[in-house]
Structure formats: C-alpha cells, structure tokens
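J.: Make a model of this:
(one chain, ligands or ions: 1)
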Amino acid sequence: MSSDLSRESIEAAITGRLGRPLTFFETTDSTNERALELLSEGVSEGALVVADHQSHGRGRRGREWSSPAGTGLLFSVVVRPRTNEALEMLTTAIGVAVAESLRETTGADARLKWPNDVTVNDDKLAGVLVESRLSETRIEGSVVGVGLNVAWPEDDTDARHLSATSLALLREDGGPIGKGGRAGLLAAILASFERVYDSLDDPDGRAELIARATTLSAVLGRNVTVRFADGSMREGRAVALERDGALVLELERGGTESLRVGEIERLRTR
Ligand code: BTN
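T.: So this is what the prediction gives:
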C-alpha cells in the first residue's frame, strides 16, 4: 500500500496552488506539528506536510489519532486566511472538500458529522483538526490537518468497536482506492479545498459552502447529544447550520441554541 504514497506520486498528482512546497515523511510525530513549525518559520500558503505514519498524531481535545503505517492518508496544509470570517469557516471548508472528493473519487456516501468528522453510515472515515496561530492584531495562519482511514480498521470487529470505517472496508473487494491511490485522493481533496478556500472572503462563497455542508450533513433533522469540553451536555434536535457554520439545536426544554463549540456524542435516528 505504501507505494501509492511517495514524494514523487504526490508531486505528480498535485495540480493547484495548495500542495507546494511539499514535505513528505515516512514517519513523523504529527503532520500538524510539522506544519505549525513551518508556519512559524514563515512558509508560504499552500505548504503541505504528508506522512505515511505518525508517532503522535493529534486528534481533537488532546486525543490521539492513530493509524498504522501505510493505512491512512495523513496530511496538513498551511493557509493564511485574510479575514476572521474565512478563519472560522476552515473546518467546514475542509470537511466539505473531503466529503465531496470522497463521493466523487470512491463513490462512498460520505457525510459531515458536525463539526469535524466525515462519516459513512455514521461510522467515522476521516477527522479534521484545524489549528491556528493568532497574534493580538492579526491571523498568522492556520494548519488544516486531515486523517482519513484508507485501510484501517482492517476488520469489522475493530471497526464496530471504534465506530470507525475505512475505504477498504467500504469496498466489497477491499481493493485500492482508484487508480490514483492515496496521492490521487489527496490531490482531489486539495483541489477541492483550494476552490472553497478561495471563496471564503466573499459572503456568497460562504453562503454556498453552508448550503453544500447542509446537503452533506449526517446530523440535520436528527436528535443529538452534544458534549462540551467541560463535560456538560446539551440534548436536542439539529435543525440548521448558521452562516458561520454554527449548529442550531432545538432544545428538548424548548427554544433554540446555536453551538459553535462541542462535539456530537450521540446521534439518534431521524
Ligand atoms: C479528530 O477527529 O479528532 C481529528 C483528527 C485529525 C488527525 C489528523 S492526521 C493528520 C493531521 N496531523 C495530526 O497530528 N492530526 C491531523
């Protein structure tokens, strides 16, 4: 599997502005960490860090993102948003780019589980971690990290245990992911993200992104439990995405609330 991901295959597949300069590692601690380092050294927008394996892959809320060598697509791209409006839409933008590219490249019914998971049949296929560096007066930049399960988990038992899935599990023959392999999928995601990212300073571009995220949502119309960082919870029915990507919940006790932080812990049937 690792032959479908190399410096050469990635350079050959990438067509746009995002993806250069490229840093490729067989193993590194975390592509987000490496990209944040490049960001602080002043690297240009579009810089891409890809690894076949991470020893300390980071997930949200201090969780670990683990993926055995050769079984994932793990990358981080540096962007330098010009406005706060663009900055706050990055998670939605990369989520839409990943889900739409997966749908086109693999045929998977990829959906968005607010705020940062890409799921198929409610199982997690990919996660997104955006980390930003802000000074008092300006946005220095952001690192947009994606971890996508290509061939891990390997079997249904692990997958059920983790509520996760992979492209290999989703394909009946467990074969490779199209002729471009991981490099082709990476290039498709970056091209799609570039188009969305370039529209984020424009209110119409942001409105279109929210419309696409709404269409792709695995959450809207369903009863959910949202957990916040302090452990508190909110229960309600997810009814809309706001213009900035916030999730609107119709609360069980009445009224609505717009959530800009938190994670969906439980999704119930429609
Ligand atoms: C999550 O679902 O909690 C987010 C997971 C994000 C994982 C990716 S893997 C590539 C990049 N580098 C990291 O250390 N994390 C992100």
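J.: What count of nearby residues applies to the residue of the stretch 151-270 of the chain found nearest the ligand?
T.: Shortest the stretch 151-270 of the chain-to-the ligand distance, computed as CB to the nearest ligand atom: residue-wise this is residue 263, at 8.7 Å. In short, each C-beta sits where N, CA and C put it, glycine included. When neighbours are defined as other CB atoms under 10 Å, residue 263 has 17 of them.
J.: Name the residues linked to it by a beta bridge.
T.: When bridges are assigned using DSSP bridges, the partners listed for residue 263 are residue 227.
J.: measure it to residue 194 for me?
T.: 27 Å (CB to CB, to the nearest Å).
J.: all helices in the protein, in order from the N-terminus.
T.: Assigned helices in the chain, in chain order: 7-13, 31-40, 84-88, 90-106, 156-162, 167-170, 181-197, 203-216 (criterion: DSSP state H).
J.: ok now do the residue nearest to the spatial centre of the chain, which residues does it touch?
T.: With the centre of the chain defined as its mean C-alpha position, the nearest residue by CA atoms, centre = their mean is residue 128, 3.0 Å away. Applying CB atoms under 8 Å, 6 or more residues apart in numbering to residue 128 gives the contacts 91, 94-95, 98, 116-118, 144-146.
J.: just residue 260 next, same as before
T.: With contacts defined as CB under 8 Å, 6+ apart, the neighbours of residue 260 are 244-246.
J.: Could I get these in a markdown table, plus columns for distance to the ligand and neighbour count?
T.: Listed next are the contacts of residue 260 as a markdown table, based on distance: CB to the nearest ligand atom, whole Å; neighbours: other CB atoms under 10 Å:
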| residue | distance to the ligand | neighbour count |
| --- | --- | --- |
| 244 | 20 | 14 |
| 245 | 16 | 20 |
| 246 | 19 | 17 |
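J.: Using CSV, please lay out the residues you listed together with pLDDT.
T.: CSV is the format used below for these (pLDDT from 0 to 100):
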residue, pLDDT
244, 94
245, 95
246, 96
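J.: nearest to residue 124, of these?
T.: Set against residue 124, the nearest of those by CB to CB is residue 245 (19.2 Å).
J.: Wait, the closest one touches residue 94, no?
T.: No: at 11.6 Å, residue 245 and residue 94 do not qualify as touching, with contact defined as CB atoms under 8 Å.
J.: Using CSV, write out the CA atom coordinates for the helix or strand of the chain with the lowest mean pLDDT.
T.: The element with the least model confidence among the helices and strands of the chain, by mean pLDDT, DSSP states H and E, is helix 156-162, at a mean of 87. Once non-C-alpha atoms are left out, helix 156-162 reads as follows in CSV (Å, rounded to 0.1, in the frame of the first residue of the first chain):
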residue,chain,number,x,y,z
ASP,A,156,-15.4,-5.4,11.1
THR,A,157,-14.8,-6.2,14.8
ASP,A,158,-12.3,-3.4,15.3
ALA,A,159,-14.4,-1.1,13.2
ARG,A,160,-17.6,-1.7,15.3
HIS,A,161,-15.6,-1.2,18.5
LEU,A,162,-14.3,2.1,17.3
